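Trainee: Need a 3D model of the following:
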Amino acid sequence: MNIIVLAKQTFDTEEKIVIDQGSISEDGVKFVLNPYDEYAVEQAIQLRDEHGGKVTVIAIGPERATEALRTALAMGADEAVLISDEGAVLDEHAVAQILHAYVSKQAFDLILGGNFSVDNGSGQVAIRLAKLLSIPHVGSITKLVIQGGQAEIERDAEGDTEQLTAALPALFTAQQGLNEPRYPSLQGIMKAKRKPLQQLSLSDCDSPTIQPLTARVRVSTPPPRQAGKRLSGTPVEQSQQLIGLLQTEAKLFT
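Mentor: As a prediction, this is how the structure comes out:
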């Protein structure tokens, strides 16, 4: 079974976000493998160990993204591919197009990814890629069993659980609870240095000129929270005050 894992390098979730002139500053920031992608890598390794085959982890990003790929290799993935973004500003549409240009030329039975990335949180890339590849997609999975070319899936559905089946090849995105990602061992880290890590440019993927459909104009922190207000009087009087505040200050209705 050939499994492809979509990965991304993101800010460490413990990092403090600093806004500089409308953009997020990356000075001195620690970057990690996107936490939700860790679940995807772990699931891919378990499936490979059960069914045989190989696990290939793919990321799009700058040179530093090789660190995230090395983490996946140290966990147990077989090989990795970094597609350089060449400094371009890409949105989810553009990233999916680039991935499609590469993945469509590869032999695969299954594609896994994280439910979303902790930096942008859009959760769009995987479903866009599945659409381009014309394969089934299921998001937020918490259980995955492969039997005879079929996948049995459980997915989180706003606090409930859905059970589905899908024919392979297919693309699934991992939710917390799918598994417990392993920590790379010292032996795994040493082996990762000798595993194949291919670095490609956009032209190597025969990717067409990609034009994002959206643009991030400016990033800003939320305004400081204002102090709350204490309502006094009888319950009826408090209700009247609350309605008045919702109408005049919150502007929830007229």
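Trainee: Every contact and neighbour count from this point should use C-alpha atoms.
Mentor: Will do.
Trainee: what's near enough to touch residue 75?
Mentor: With contact set as C-alpha atoms under 8 Å, 6 or more residues apart in numbering, residue 75 has these partners: 41, 42, 182, 183, 184, 185, 188, 189.
Trainee: For the fourth one, give its distance to residue 22.
Mentor: Read it as residue 183. Plainly put, residue 183 is 36 Å away from residue 22 if you go by C-alpha to C-alpha, to the nearest Å.
Trainee: List the buried residues in stretch 117-127.
Mentor: Residues of stretch 117-127 classed as buried by neighbour count (16 or more other C-alpha atoms under 10 Å): 117, 118, 123, 124, 125, 126, 127.
Trainee: would you list those in CSV and tack on secondary structure, pLDDT and distance to residue 174?
Mentor: Listed next are the buried residues of stretch 117-127 as CSV, based on DSSP: H, G, I helix; E, B strand; the rest coil; pLDDT from 0 to 100; distance: C-alpha to C-alpha, whole Å:
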residue, secondary structure, pLDDT, distance to residue 174
117, coil, 92, 11
118, coil, 90, 13
123, coil, 91, 11
124, coil, 94, 13
125, helix, 95, 13
126, helix, 95, 11
127, helix, 95, 13
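Trainee: Find the pair from these with maximum spatial separation.
Mentor: When the buried residues of stretch 117-127 are compared pair by pair using C-alpha to C-alpha, the farthest-apart members prove to be 118 and 127, with a separation of 16.8 Å.
Trainee: Any idea how many residues pack against residue 138?
Mentor: 21 (other C-alpha atoms under 10 Å).
Trainee: again, but for residue 35
Mentor: A count of neighbours around residue 35, defined by other C-alpha under 10 Å, yields 22.
Trainee: residues contacting it?
Mentor: Neighbouring residues of residue 35 by C-alpha under 8 Å, 6+ apart: 114, 117, 118.
Trainee: Can you classify residue 164 as helix, strand or coil?
Mentor: For residue 164, the assignment made with DSSP: H, G, I helix; E, B strand; the rest coil gives strand.
Trainee: list the contacts for it?
Mentor: Contact analysis of residue 164 by C-alpha under 8 Å, 6+ apart lists 152, 153, 154.
Trainee: Wasn't the first one part of a strand?
Mentor: Yes. The secondary structure assignment for residue 152 places it in a strand, going by three-state DSSP.
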